[in-house]
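Participant: what's the 3D shape of this:
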Amino acid sequence: MVTALSRTIVKVGSSLLVTPAGDVRREWLSSLVADISKRHASGEQIAIVSSGAIALGARRLGLPKGGRASLDDAQAAAATGQIALSQCWAELLESHGIKAAQILVTLDDLEDRRRYLNASATLERLLGLGVIPIINENDSVATTEIRFGDNDRLAARIAQASGAQSVVLLSDVDGLYTADPTQDPSAKRIETVKRIDARILAMAGGGTSSGMGSGGMASKLQAARIANAAGADLVIVSGQHDHPLERLAAGGCGTRFIAVSTSKARKAWLAGRLTVRGEVHVDAGAIKALRGGASLLPAGAKRVEGRFDRGDVVNILGPDGEAFARGLIEYDLAEAQAICGKRSDALEAILGYAPRPALIHRDHMVLL
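Facilitator: Down below sits the predicted model:
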């Protein structure tokens, strides 16, 4: 049963919204909107992350390869298709007496702390007014270097920015399998994941089965990590039936990733970032100390890499090369290199000024 003022982000993939010919699957979308309307009427606050703009625009412009032959084509298709996509959502929601709003974001809008807070405030106000935001990446201006690349991770970041309790990824697959079910008949669907570890990550296959979108199981697992770090459950469920949310509520198949994090807002933002400026490599002893709640001191660092200034976000990597933590570094690259591995009582002589005690303070660090 949905509790009052619970908040859910629903992500809809391109292959569900748009036919291979480039038309909106309006009958299916109407059934989804009916599900959303029922939840909305019960007091649930919902935001929708909707793919499909590029696929729709490509058909209208007659572009090859679904509008993804080049960045220029994708941007033109997105600019054209976004109008049609938003209009379709707005019309169907209005038929249930629900107002819609459009929000287009780039990666920088959620990676920059101030802009992230602005986006969060806008979402909070719209949801409080009973409006359903329709959100998409602003592909008409995003470039390869500054884009999410898929709406799975965008949905997780929106959940984080809006304080949502759950994320539903409606997809052309019905969950995470132990192996690719199209290649291995013995593959089993996993119903619940409590920790995304190396074993779970190894189960991710390639791209989407439709070839229409830009996501895949790997991006869904990344999205689950982001959502879980922000305290939101994430569910991967098939949308290839009418009324997919109603089927899910009735016990439909899927994979649920359980949130265990109690991160504060700033730490959740850190955990959800998709871009970092550098890396700090540490040994097993430092990993144990950091997981025990300690700050990272210069003596605990083996080496640093990247191009960063004081206050930039960096990953902290263990001996296996895997990032296990992330934080705001207290020194720029040259200073960090100079003091890496050094004891605290030697720092002033190296730097020529009274040093900050930690390379990364525990209050500005989050475990991944």
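Participant: any weak-confidence spans in the stretch 251-368 of the chain?
Facilitator: Scanning the stretch 251-368 of the chain with the threshold set as pLDDT under 70 gives 261-266.
Participant: how does it look with 50?
Facilitator: Scanning the stretch 251-368 of the chain for pLDDT under 50 picks out no residues.
Participant: what about the strands in it?
Facilitator: For the stretch 251-368 of the chain, applying DSSP state E, counting those that start in this stretch gives strands covering 255-257, 278-282, 301-306, 313-317, 323-328, 365-367.
Participant: among the ones you listed, which is the most enclosed?
Facilitator: Ranked by mean neighbour count, those are led by strand 255-257 with a mean of 24 (mean count of other Cβ atoms under 10 Å). Glycine gets a C-beta too; all of them are placed from N, C-alpha and C.
Participant: quick one: strands adjacent to that strand?
Facilitator: strand 192-193 (parallel), strand 233-238 (antiparallel) (DSSP bridges).
Participant: chain center to it: distance?
Facilitator: Remark: strand 255-257 is offset 15 Å from the chain centroid, using Cα atoms, centre = their mean, to the nearest Å.
Participant: repeat for stretch 72-90
Facilitator: Centre-to-centre, stretch 72-90 and its host chain are 21 Å apart (Cα atoms, centre = their mean).
Participant: ok, now stretch 100-120?
Facilitator: Chain-centre distance of stretch 100-120: 13 Å, with Cα atoms, centre = their mean.
Participant: List the buried residues in that stretch.
Facilitator: 100-107, 109-111, 116, 119-120 (16 or more other Cβ atoms under 10 Å).
Participant: for the stretch 1-150 of the chain, what spans make up the strands?
Facilitator: Using DSSP E, counting those that start in this stretch, the strands of the stretch 1-150 of the chain run over 7-12, 45-50, 100-105, 132-137.
Participant: Nearest spatial neighbour of residue 82, chain-adjacent residues omitted?
Facilitator: residue 53 (4.3 Å; Cβ to Cβ, 6 or more residues apart in numbering).
Participant: and that neighbour, how many neighbours?
Facilitator: Residue 53 has 29 neighbouring residues, counting by other Cβ atoms under 10 Å.
Participant: Could you pull up the residues touching it?
Facilitator: 77, 78, 81, 82, 85, 136, 139 (Cβ atoms under 8 Å, 6 or more residues apart in numbering).
Participant: what's the answer for residue 61, then?
Facilitator: Contacts of residue 61 were listed using Cβ under 8 Å, 6+ apart, and they are 67, 76, 77, 80.
Participant: In helices only, show me those.
Facilitator: 76, 77, 80 (DSSP state H).
Participant: picking up where we left off before, make CSV from the strands of the stretch 1-150 of the chain and add distance to residue 307 and mean pLDDT to it.
Facilitator: Output for the strands of the stretch 1-150 of the chain, formatted as CSV (distance: least, Cβ to Cβ, whole Å; pLDDT from 0 to 100):
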stretch, distance to residue 307, mean pLDDT
strand 7-12, 33, 97
strand 45-50, 31, 97
strand 100-105, 25, 96
strand 132-137, 26, 96
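Participant: Take the ones you listed and lay them out in TSV including distance to residue 229.
Facilitator: Listed next are the strands of the stretch 1-150 of the chain as TSV, based on distance: least, Cβ to Cβ, whole Å:
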stretch	distance to residue 229
strand 7-12	15
strand 45-50	18
strand 100-105	19
strand 132-137	20
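Participant: For residue 336, which of those is the nearest?
Facilitator: Residue 336 lies closest to strand 100-105 among the strands of the stretch 1-150 of the chain, at 31.6 Å (Cβ to Cβ).
Participant: if we can go back for a sec, of the buried residues of stretch 100-120, which pair is most distant in space?
Facilitator: By the measure Cβ to Cβ, 100 and 111 form the most distant pair in these, at 26.2 Å.
Participant: Name the spans of the stretch 101-250 of the chain whose pLDDT lies under the cut-off.
Facilitator: In the stretch 101-250 of the chain, residues with pLDDT under 50: 145-146, 206-214.
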